[in-house]
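Novice: Based on what follows, work out the 3D shape:
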Amino acid sequence: MVDVTWAVVIASVLTLTLAQTNDINKFEYNYSLMRNTLQEGEDNLAGYKQVYTENEQIVYSYLEYLKWKEFQRTRNDFPPARPLKLHIDDIKMSEVYKLLKKFPKGGNIHLHHNHVVTKQKMLELIFSSFLYDNLYVKASAPGMWNLDFFLNRPQGWNKVKDNPSYSKDILVKHATLLGVIDMKATNNPTNSDLRWEEMNPLFDVLGSNIINHANFSKVYTNALLQQAMDENVQYLETKSSSSNKLYVLDPDRSYLGKYGKRFIDNDLGELELQFTSEVVQKFKQNNPNFIGYKRIINSYRGGDEQYILKNANKALTLFEKYPDLVSGFDLVAEEDKGYSLLFYLDDFAKMAAQNVSLPYFFHTGETNWPDDLLSSPHNDDPVPTMGNVYDAILLGAKRVGHGLGYVKHPYLMEVLKKKNIAIEVNPVSNKMLGYVADQRHHPAITYLRYGIPIVLGSDDPATFGYDEFTVDWYEAFMSWGLNLADLRHLAFNSLRYSSLSSSEKNVAYKKWTLSYDNFILNTKTVACKQIFQNTSPQIFRIFPQEGDMKGGTKIQVFGRNFHVAICKKIVCNFGDIKTTGTFVYSHRITCNSPDLSHSSTIHSRVVPLTISLDGGLTYIQNTFTFRYLQTNHLPIPEIVG
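Specialist: Residues are numbered from 1 along each chain as shown. Just a heads-up that it's a prediction; the model follows:
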């Protein structure tokens, strides 16, 4: 009697335990469905699909593996979260960087023309030409040097040629922010005032005085285009001053007072634009894969109303006269110290009254201050920098530069999205100028995931001293959780939101697609040659552990060292039925459960789940069980309304 009673109790306990286990598993399954719904909602909000061809899937997996390796190598001193000066050489030597440099980036459409070609390259070009004889330096305090071309030496200037005190390396150091930045600025990574104090004088060290020499202008532009192609950038839009004018050195005595300088350009700088157009056309002939180049005319945002109106009209004249080259107008310089867009409203009203369609590309929201603390330093303009985030939209900007401040204005983020206004994001510039000390917190990833169009730019890479656009891509890729689909999207955006005409864009898409397809094929070859020695993949958990008899349950498999499957087929065995798995990260793959609702061979609703990372040749030792549900799902609280 006692034995029978205990048998009943044990059976009851087992029944209750099994019921509780089933309920828990059903809860987990339903929970996984809701979790998938949230993730799908995120993907839909971004507005582009994370879908890959078979070859792209291999390259995606390889990129994720390289990122994982780079993270393991740098985790305790993560470059995107540290001062660039400490890590720039290390970044450029990494495997991630070398592959990203080969990635077809489309265009770089936030650039300042005079600050793109590396200072080292500029000096090499000068030192190897007759211009070397006319190069002079004014060596003031650190970070306050100047270089210029003269026939006769001004007081306080020294000839560079054959002077060991002015070697290329020394001059480069004094011409870049990485070369002159002091410990005070380094130790205050979010003090933009300190960074701008050191950056502003550098714009003139190897700037317009050098580049506007008529015998150097074409050389510089050609180097600019070649430097882009060397990084697989096929299209450029650069910004330059409305006062750009070419000059020559003339030995006529009448120019002695100007140290030989004679300007040969008109007030619009048309000769410089014509020189640029000639170089671009020749470069395109020699480089059929190159897409093109356009120029945005900019004005200093510290000028008065008459100054801005005059320069906007200059830009309009050039835009109408050179429609294939000039694409619009911008205001530049430190936004926190300049006049607001609202201050120039009358000027823009006068432009609008002309019934013209001059495109605007305003620097907007390049600040780390909130709306209510920092206003313009000008007594006649007590408007905060953050006010520009409204006015750029209202004035019809085609794109906005930097756009950091929009993250504090969710409604305006929605407006940007609806109006399809792209944000030109410059990660390294934002870090070096003290706006975003840690790239993991850059608002651009929020914009991207929210579906606001963004493009990557590099601002003033040569004058900052990091030189290569790929550094921006590295920091974004490593710190924003980007993958191949994101990189592909950013590259495509750079052409979609460019100033190219519709017909030009069609050509651009074809050229970029060809480059991208070649990149995928070449990278696949490299990826499939990888050998992983002493690497044992392990599985620690599957989620969920139950699913519908009709199949289609997306099962997350968590473990380690899944990268061994980069170029191989992942096989998921549900009993004796196989499905194909997908690599996600080195620690996660996914398996989709098969449909067993019509199967006559299945004898149990519980099947072993085993996984192979080499096409079924071998299986990971860990074996899990997967249960098929036939009953109604256990409801859980509604997560998505």
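Novice: the strands in the stretch 501-641 of the chain, which residues?
Specialist: Along the stretch 501-641 of the chain, counting by DSSP state E, counting those that start in this stretch, strands occupy 538-543, 546-548, 554-560, 570-574, 577-585, 588-592, 606-612, 624-629.
Novice: Give me the angle between the first one and strand 588-592.
Specialist: The one in question is strand 538-543. Computed by axes from the mean of the first three to the mean of the last three Cα atoms, to 10 degrees, the angle separating strand 538-543 from strand 588-592 equals 50 degrees.
Novice: now the fourth one
Specialist: When the same axes, to 10 degrees is applied, the directions of strand 570-574 and strand 588-592 differ by 50 degrees.
Novice: What average pLDDT does strand 570-574 get?
Specialist: In this model, strand 570-574 has a mean pLDDT of 96.
Novice: distance of residue 187 from residue 521?
Specialist: The gap separating residue 187 from residue 521 is 47 Å, by Cβ to Cβ, to the nearest Å. (Glycine included, C-beta is placed from N, CA and C.)
Novice: on that earlier part again, closest one to residue 509 among the strands of the stretch 501-641 of the chain?
Specialist: Of all the strands of the stretch 501-641 of the chain, strand 577-585 sits nearest to residue 509, with 27.8 Å by Cβ to Cβ.
Novice: Return that closest one as PDB; C-alpha atoms alone will do.
Specialist: Once non-C-alpha atoms are left out, strand 577-585 reads as follows in PDB (Å, rounded to 0.1, in the frame of the first residue of the first chain):
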ATOM      1  CA  ILE A 577      16.300  16.300 -41.200                       C
ATOM      2  CA  LYS A 578      18.900  18.900 -42.300                       C
ATOM      3  CA  THR A 579      18.600  22.600 -42.700                       C
ATOM      4  CA  THR A 580      21.200  25.200 -43.600                       C
ATOM      5  CA  GLY A 581      22.500  27.500 -40.800                       C
ATOM      6  CA  THR A 582      23.800  31.000 -41.000                       C
ATOM      7  CA  PHE A 583      26.900  32.600 -39.500                       C
ATOM      8  CA  VAL A 584      26.100  35.800 -37.500                       C
ATOM      9  CA  TYR A 585      29.200  36.300 -35.300                       C
END
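Novice: That strand pairs with which strands?
Specialist: strand 570-574 (antiparallel), strand 588-592 (antiparallel) (DSSP bridges).
Novice: among those strands, which is the most enclosed?
Specialist: Among the strands paired with strand 577-585, ranked by average contacts under mean count of other Cβ atoms under 10 Å, first place goes to strand 570-574 (a mean of 21).
Novice: could you dump it to CSV, C-alpha only?
Specialist: In CSV, the C-alpha atoms belonging to strand 570-574 read as follows (Å, rounded to 0.1, in the frame of the first residue of the first chain):
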residue,chain,number,x,y,z
ILE,A,570,26.6,25.2,-41.7
VAL,A,571,24.4,22.2,-41.3
CYS,A,572,21.7,21.9,-38.6
ASN,A,573,20.4,18.4,-38.0
PHE,A,574,17.0,18.1,-36.5
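Novice: any chance of the strands of the stretch 501-641 of the chain in CSV, plus distance to residue 300?
Specialist: Shown next, in CSV, are these (distance: least, Cβ to Cβ, whole Å):
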stretch, distance to residue 300
strand 538-543, 57
strand 546-548, 63
strand 554-560, 54
strand 570-574, 57
strand 577-585, 47
strand 588-592, 51
strand 606-612, 62
strand 624-629, 65
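Novice: about what we covered before: among the strands paired with strand 577-585, which is nearest residue 243?
Specialist: strand 588-592 (55.4 Å).
Novice: what angle sits between the closest one and strand 606-612?
Specialist: Following the same axes, to 10 degrees, one obtains 130 degrees for the angle between strand 588-592 and strand 606-612.
Novice: C-alpha coordinates for strand 588-592, CSV please?
Specialist: Listed next in CSV are the C-alpha coordinates belonging to strand 588-592 (Å, rounded to 0.1, in the frame of the first residue of the first chain):
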residue,chain,number,x,y,z
ARG,A,588,26.4,33.1,-32.7
ILE,A,589,24.8,31.2,-35.6
THR,A,590,21.2,30.7,-36.5
CYS,A,591,19.3,27.6,-37.5
ASN,A,592,15.8,27.4,-38.9
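Novice: Understood, closing this out.
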